[in-house]
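Engineer: here's my sequence, what's the structure:
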Amino acid sequence: MEKKPSHSQDRHKTQKLARILAIVVSALFAAVAVAGFSRTGDYLQLGVFLFVSIVAYFVIVFIFKGVDRLLDSVDDREH
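Structural biologist: Sure thing, here's the model as predicted:
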């Protein structure tokens, strides 16, 4: 009897890609935050872009979890 992988396993190898992409996008927003703050000295702008950086990380991870679930459902239909 073949053991079916659980949904917590990375069957489609997207978890690493999701983390790398999330880190890159977050780093870009953080760089914009620091560059903007160094030009303007505006703490509000710094805070907003750092907040967007954190939110972007979680949004990308969430999107890839949805993609994983979609791929799992397609795989389940084929078997």
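Engineer: what's the weakest-modelled helix or strand in this structure?
Structural biologist: helix 43-78 (a mean of 90; mean pLDDT, DSSP states H and E).
Engineer: may I see the buried residues of it?
Structural biologist: Leu46, Phe49, Leu50, Val52, Ser53, Ala56, Tyr57, Ile60, Phe64, Asp68 (16 or more other CB atoms under 10 Å). No exception for glycine: its C-beta is placed from N, CA and C like everyone else's.
Engineer: closest to Arg39 out of the residues you listed?
Structural biologist: Of all the buried residues of helix 43-78, Arg39 sits closest to Leu46, with 10.9 Å by CB to CB.
Engineer: what's the distance between Asp68 and Ala56?
Structural biologist: The gap separating Asp68 from Ala56 is 19 Å, by CB to CB, to the nearest Å.
Engineer: just Ala33 next, same as before
Structural biologist: 12 Å.
Engineer: same check, this time on Ala35
Structural biologist: In terms of CB to CB, Ala35 sits 16 Å off from Ala56.
Engineer: kindly report the same for Ser26.
Structural biologist: 5 Å.
Engineer: quick check: neighbours shared by the two?
Structural biologist: Contact with both Ser26 and Ala56 is made by no residue, according to CB atoms under 8 Å, 6 or more residues apart in numbering.
Engineer: which residues touch the closest residue to Val67 other than its chain neighbours?
Structural biologist: Nearest non-adjacent residue to Val67, counting by CB to CB, 6 or more residues apart in numbering: Thr14, 6.2 Å away. Residues near Thr14 by CB under 8 Å, 6+ apart: Phe64, Val67, Asp68, Leu71.
Engineer: residue contacts, the closest residue to Leu50 other than its chain neighbours?
Structural biologist: Spatial nearest neighbour of Leu50, chain neighbours left out: Ala33 (5.0 Å); criterion: CB to CB, 6+ apart. Applying CB under 8 Å, 6+ apart, one finds that Ala33 lies in contact with Gln45, Leu46, Val48, Phe49, Leu50, Ser53.
Engineer: 7 Å - rerun?
Structural biologist: Leu46, Phe49, Leu50, Ser53 (CB atoms under 7 Å, 6 or more residues apart in numbering).
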